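K.L.:
Let's see this in three dimensions:
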Amino acid sequence: MPHQAWLYRTLGFLTFWLVTSPLGVGALPSYTLTDLGPCEVRGMSQEGVAVIVGDCNNVATVLYPYTRELGVITPGGLGSTAEGTAWRYVVGSSSAGTHGGPTHSFVWTLAGGLQELGTTGASTLSSFAVDVNVGGVIVGYGDHATQDRIIALLWCCDGGVFPLQELHPRTSSRALSINRWGDVVGTATTPEGVLHPILWGGRGGMWDLHAGSATPGVAVGINTWRMVVGWHVPQEGPRAFLWTEERGRQTLPPLGDDTTSFALALNDWGVPVGMSVREGPQASLSSTAAVLWSGDTPLALAELVQPEPDWTLVSALAINNAGMITGMGLHHGQRRGYLLTPTWRTIVRESSTPRAQAETHGTVLRVLLPRGSGKWVP
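P.N.:
Take a look at the predicted model:
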């Protein structure tokens, strides 16, 4: 089965580049840029219509394709932020008091509005929801009931909150991403105090992706195929990585003379995005570039935008199955969110759903791409 899964992934990736590039295999993608305004982008739905969430003026907000403030848990509260979205759900965290009290996680739906999620104990504890899958299963982290550490949490089953398995007793952990099957990635601390990237299986089990290593690392994204992205910190400095069950960890290098790289997300095609950083005494946001990796080759996204933008694209925070990318950048020196839309979408049937694109391009893609409803295409 692992070899069969690897074959499907390889075929899917090759087919993706074949049918999505106007110039055929080997051509670089190109994008148009949409300005999302002076708001903080946090996440984007991976399947179906692209929905981008974040916060504006310290209030959780849907930023695209429409603008809608989601509010705060406590009227008059200090603020909220939306971190993740899938299908009809938006998750995040909000202040639960008006004078610097605890922060509580929430889920928002159009039908139910903003609903507070539980903590591991008393209401004085804090919790943070970070991601949600199409089934409405939510992951994040929060205070342990004893308040002596932070632990990875999962919310499901009509409001239940469940601590995820610990790497070692009485150590801290955080859950940061979940796929459609319930596989979760994040971080956990070893007894020596070193952060390691962790995979919690949707059907049980826990894997330290840096087992036996003294190198710190963080896992921040996982796709349907259990491909994982994040970064680790070898002696030469932080490096992005892509991890698969078949090949283990593969380092994703920074651009040219840059010194560090961070992978922040990937889609079901296995395409990672993130940022490349040039460190030094003059380092600033303008020393950081949003990147996409083609294999192990980093591509500066700003160089792929047509026409050439008057922007510095600082970070790529999410990429969906239609190839759309969102993140943060600088425009005339001001920090703003952006959305990149691949121009190849103009030469196929106009649709943001993987299913419709699959129907345009034939049987192979119909097998490889999921429906937005959460069922596999027959």
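
K.L.:
For residue 91, see how far away the closest residue to residue 160 other than its chain neighbours is.
P.N.:
In space, and not counting its chain neighbours, residue 160 is closest to residue 118: 7.6 Å by C-beta to C-beta, 6 or more residues apart in numbering. In this view, the C-beta of every residue, glycine as well, is placed from N, C-alpha and C. The gap separating residue 118 from residue 91 is 13 Å, by C-beta to C-beta, to the nearest Å.

K.L.:
Which one's more surrounded, the two?
P.N.:
Higher neighbour count among residue 118 and residue 91: residue 91, with 27 against 17, using other C-beta atoms under 10 Å.

K.L.:
before we move on, back to that, next up, the contacts around the residue nearest to residue 160.
P.N.:
Going by C-beta atoms under 8 Å, 6 or more residues apart in numbering, residue 118 touches 127, 155, 159, 160, 161.

K.L.:
Count the neighbours of the second one for me.
P.N.:
Here the number of neighbours of residue 155 (other C-beta under 10 Å) works out to 23.

K.L.:
That one and residue 135 touch, don't they?
P.N.:
No: contact criterion C-beta atoms under 8 Å: residue 155 and residue 135 do not qualify, at 11.8 Å.

K.L.:
Below-threshold pLDDT in the protein: ranges please.
P.N.:
Low-confidence segments of the chain, defined by pLDDT under 70: 1-27, 98, 100, 159, 280-286, 344-378.

K.L.:
Which among the contacts of residue 118 count as buried?
P.N.:
The neighbour-count test (16 or more other C-beta atoms under 10 Å) applied to these identifies 127, 155, 161 as buried.

K.L.:
Now for the nearest residue to the first one once chain neighbours are set aside, which secondary structure element holds it?
P.N.:
So the one you mean is residue 127. Closest residue in space to residue 127, ignoring its immediate chain neighbours: residue 142 at 3.2 Å, by C-beta to C-beta, 6+ apart. Per DSSP states H and E, residue 142 falls inside strand 138-143.

K.L.:
quick one on the thing from earlier: what's the closest of the contacts of residue 118 to residue 254?
P.N.:
Lowest distance from residue 254 to these (C-beta to C-beta) belongs to residue 127, with 34.3 Å.

K.L.:
who's in contact with the closest one?
P.N.:
Under the criterion of C-beta under 8 Å, 6+ apart, the neighbours of residue 127 are 93, 103-105, 117-120, 140-143, 153, 161.

K.L.:
Noted, bye for now.
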